[in-house]
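Colleague: Got a sequence here, can you build the structure:
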Amino acid sequence: MHLNSQDPPKDKLLYVFDLYSKGKFTETILEINILLKEFNNSTVLYNILGLVYFNIKKNDLSINCYNKSIYINPKNFEAYNNIGILLQNTDNPVDAIKNYKIALEINPSYFQAYNNLGLSLSNIGSHNEAIDNYKSALSISPNFLDAQNNMAVAYQKIGELETAIQIFKKALRVNPNNVMIYNNLGNAKIEIGDYSGALICFRKALEIKPMYLKAALNLARFPYKFLDKDSLTILEKLLLKLDHAKVLSIEHQFLKANILMQLDETELAFIEYRKVNKRQINEHKSDASDQQSVYNSYLRKLKNWVPNVLVDNNDKLSKLIILGPSRSGKSLLELSLAKSNKVKPFFEYKDAFNSYLQNYNFSKEKRYSLITQTNPGFVYDIINLFEKTPKCYLVLVKRDIYELATEIFIKDYNNGNRYSYDPVKIIEYINFYYEVFDILEAKIPKNVVCINYKEITDQPNEVIKKIYSLTSINLSINELNIKKLKTYENKNLNELFENYMNSSEEFSTTLMSLKYFLRASPLV
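Modeller: Modelled structure (predicted):
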């Protein structure tokens, strides 16, 4: 904050800041309007007023305040930065980027603007450019926590998980009580399959802040029967607090259901899952779309596709798309493949996978023989991939229908995946993938292998052999390095979901149509 003769005295501004920081927005507006009568050219007052209006979601008034501040002082870099933040938060990252760049032209040392610019660049998929801006912020302010965190997240999005983990750890050395960093580090560890390490991170976050929702949700989402006694005790204490709450948000209700599940209160948990998913359906009625027509349109396109598989003997890099519905076991397979130093996994980061392909130079890059991708949305990119890229292969992952549908129904997705609220939509979603599988197996049989979830968990070495037969790449993964993946199936939960499906005529009709399809196309 830079004060001049046009601004109020420091004590009056501190009083305004105190009101604002305490969330007393109505009082802040009144006080600023009084001061503006005397200090009508105060850029600081207009900036603060813009922040207040932004917080109460009066964006037009907020923009007007920032523009008045810029009119008074065209070099007001803070106002440009604040406009960028507002645009970023209203889904306009492109214009946000323009304002951040103006702020940095005025003040190249404004490290907060570098960080904000990085966020907007990440939002449009320019993760490498975002990382460059986070590095610029940190070169000015080496311990700037937001930039450290955001840079680590950006590295995650380009598939550089180990780098992300090291950055999170570095941030924690300076900020050992930061729950956000512990939570994000835990998420990164889950992505590399380090569940024990992730558990330590989430528990540490909850030790520092017992009701930290994000860490609590992540702890309660752990695989069934994985948590130890101490972790279950933490969840029991959280459940008592949730039971005393008069109103639960959707996130808190999912947390309650997940905790009940971990405590083996399966029937009570399923009641909560049903309640919260009905809430989700009601909340999203206005923006419901006809997803089935999207499925049908793509299936027609796929059926009419005449494959022209490219051959390029100079390209030594194979591309393996592990395809399947959400929760089908794709990530487990990818983690097994990632044990080979010949494999670069991109997990569900589709933009990073595509960027790597676009920039790949087969004459220089010798390190990897295989890159992998597991984003469920890649199902819609198969035609484009095979028509433009040589050495492409597909692993089609199937799973028991009730087990898979149940997993989807109880999953609290962060965004999207709206089919998951409704059993009928879940069945249609799974059915779509399995129809796609049938078409692909018929169209490009030499480039496809079908694998069942139970094979991935119980016979991983046999699965690796199937990948070798498909790609002709010896991944050099020792049998001793892959052990049977310990998974527990909650049969009671699957039965509850099956009974729920059969309790409605609409559900059972959809299910019968799926069963007919599965009889014609049995699981492997």
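Colleague: C-alpha only now, for contacts and for neighbours.
Modeller: Will do.
Colleague: Go through the helix or strand hosting residue 371 and flag the buried ones.
Modeller: According to DSSP states H and E, residue 371 maps onto strand 370-373. Neighbour-count burial for strand 370-373 flags 370-373 (criterion: 16 or more other CA atoms under 10 Å).
Colleague: Direction included, what does it pair up with?
Modeller: Each strand paired with strand 370-373, and its direction, by DSSP bridges: strand 318-323 (parallel), strand 343-345 (parallel).
Colleague: Longest helix in the chain, please.
Modeller: The single longest helix within the chain, with elements called by DSSP state H, is helix 423-443.
Colleague: Can you show me the helices along the stretch 401-524 of the chain?
Modeller: 401-409, 423-443, 453-458, 460-471, 491-502, 505-520 (DSSP state H, counting those that start in this stretch).
Colleague: which of these has the lowest average pLDDT?
Modeller: Mean pLDDT values for those show the minimum at helix 505-520, a mean of 52.
Colleague: By mean pLDDT, flag the weakest helix or strand of the chain.
Modeller: For the chain, the helix or strand with the lowest mean confidence is helix 505-520, at a mean of 52 (criterion: mean pLDDT, DSSP states H and E).
Colleague: Please list the outside residues in contact with whatever helix or strand residue 183 lives in.
Modeller: Assessed by DSSP H and E, residue 183 sits inside helix 179-191. Outside of helix 179-191, the residues within contact range by CA atoms under 8 Å, 6 or more residues apart in numbering are 149, 156, 161, 164-165, 168-169, 171-172, 195, 197-202, 204-206, 208-209, 212, 214-215.
Colleague: Buried subset of those as a ChimeraX selection?
Modeller: A single ChimeraX command selects the buried members of the contacts of helix 179-191 (16+ other CA under 10 Å):
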select :149,156,161,164,165,168,169,171,172,195,198,199,200,201,202,204,205,206,212,214,215
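Colleague: Okay, and which of the contacts of helix 179-191 map to strands?
Modeller: Residues of the contacts of helix 179-191 located in strands (DSSP state E): none.
Colleague: still on that earlier bit, now do the longest helix of the chain: which elements does it pack against?
Modeller: On a contact count with 3 or more CA pairs under 8 Å, 6 or more residues apart in numbering; DSSP states H and E, helix 423-443 meets helix 291-304, helix 401-409, strand 448-452, helix 505-520.
Colleague: let's go with 7 Å and repeat that
Modeller: Judged by 3 or more CA pairs under 7 Å, 6 or more residues apart in numbering; DSSP states H and E, the packing partners of helix 423-443 are helix 291-304, helix 505-520.
Colleague: Could you give the separation of that helix from the chain centroid?
Modeller: With CA atoms, centre = their mean, to the nearest Å as the basis, helix 423-443 stands 24 Å off its chain's centre.
Colleague: can you check stretch 327-345 too?
Modeller: That offset, for stretch 327-345, works out to 18 Å (CA atoms, centre = their mean).
Colleague: Please apply the same query to stretch 28-38.
Modeller: 42 Å.
Colleague: Could you do stretch 117-136 as well?
Modeller: Averaging C-alpha positions (CA atoms, centre = their mean) puts stretch 117-136 17 Å from its chain's average.
Colleague: distance between the ends of that stretch?
Modeller: Distance between the two ends of stretch 117-136: 11 Å, counting by CA to CA, to the nearest Å.
Colleague: For this protein, give me the ranges with low pLDDT.
Modeller: 1-5, 286-289, 313, 361-366, 414-415, 478-489, 504-524 (pLDDT under 70).
Colleague: at 50 what do you get?
Modeller: Scanning the chain for pLDDT under 50 picks out 1, 480-485, 515-524.
Colleague: before we move on, the earlier item: let me have the buried residues of strand 370-373 in a markdown table, extended by distance to residue 429.
Modeller: Output for these, formatted as a markdown table (distance: CA to CA, whole Å):
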| residue | distance to residue 429 |
| --- | --- |
| 370 | 29 |
| 371 | 27 |
| 372 | 23 |
| 373 | 20 |
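Colleague: just those residues now: which is nearest residue 74?
Modeller: residue 373 (47.2 Å; CA to CA).
Colleague: What residues does the closest one make contact with?
Modeller: Taking CA atoms under 7 Å, 6 or more residues apart in numbering, we find residue 373 in contact with 320-322, 345-348, 350, 353.
Colleague: mind running it again at 8 Å?
Modeller: So residue 373 contacts 320-322, 345-350, 353 (CA under 8 Å, 6+ apart).
Colleague: quick one: it from residue 347, how far?
Modeller: 5 Å.
Colleague: Residue 47 too?
Modeller: Relative to residue 347, and taking CA to CA, residue 47 is found at 42 Å.
Colleague: cool, and residue 413?
Modeller: From residue 413 over to residue 347 (counting by CA to CA), the distance is 17 Å.
Colleague: now residue 267
Modeller: Taken as CA to CA, the span from residue 267 to residue 347 is 33 Å.
Colleague: Residue 498: what's it in contact with?
Modeller: So residue 498 contacts residue 402 (CA under 8 Å, 6+ apart).
Colleague: First-to-last residue distance for stretch 208-224?
Modeller: Using CA to CA, the two ends of stretch 208-224 sit 25 Å apart.
Colleague: Stretch 170-185 too?
Modeller: Stretch 170-185 has an end-to-end distance of 11 Å (criterion: CA to CA).
Colleague: Any buried residues in it, and which?
Modeller: Buried residues in stretch 170-185 (16+ other CA under 10 Å): 171-172, 178-185.
Colleague: Return the distance of the helix holding residue 183 from the chain's centre.
Modeller: Centre-to-centre, helix 179-191 and its host chain are 12 Å apart (CA atoms, centre = their mean).
Colleague: can you give me the helices in the stretch 201-350 of the chain?
Modeller: Counting by DSSP H, counting those that start in this stretch, the helices of the stretch 201-350 of the chain are 213-220, 229-243, 250-262, 266-283, 291-304, 330-337, 350-359.
Colleague: helices or strands up against the third one?
Modeller: The contact analysis (3+ CA pairs under 8 Å, 6+ apart) places helix 250-262 against helix 213-220, helix 229-243, helix 266-283.
Colleague: do the same with the fifth one
Modeller: With contacts taken as 3+ CA pairs under 8 Å, 6+ apart, helix 291-304 sits against helix 423-443.
Colleague: how many degrees apart are the helix it packs on and helix 491-502 in direction?
Modeller: Helix 423-443 runs at 100 degrees relative to helix 491-502, counting by axes from the mean of the first three to the mean of the last three CA atoms, to 10 degrees.
Colleague: Buried residues, helix 423-443. List them.
Modeller: Quick answer for helix 423-443 (16+ other CA under 10 Å): 423-434, 436-437, 439-441, 443.
Colleague: Same check on stretch 70-80?
Modeller: By neighbour count on 16+ other CA under 10 Å, the buried set for stretch 70-80 is 70, 75-80.
Colleague: picking that back up, so which of the helices and strands packed on helix 250-262 gets nearest residue 456?
Modeller: The nearest among the helices and strands packed on helix 250-262, by CA to CA, is helix 213-220 at 23.8 Å.
Colleague: Find the nearest non-adjacent residue to residue 45, please.
Modeller: residue 32 (6.5 Å; CA to CA, 6 or more residues apart in numbering).
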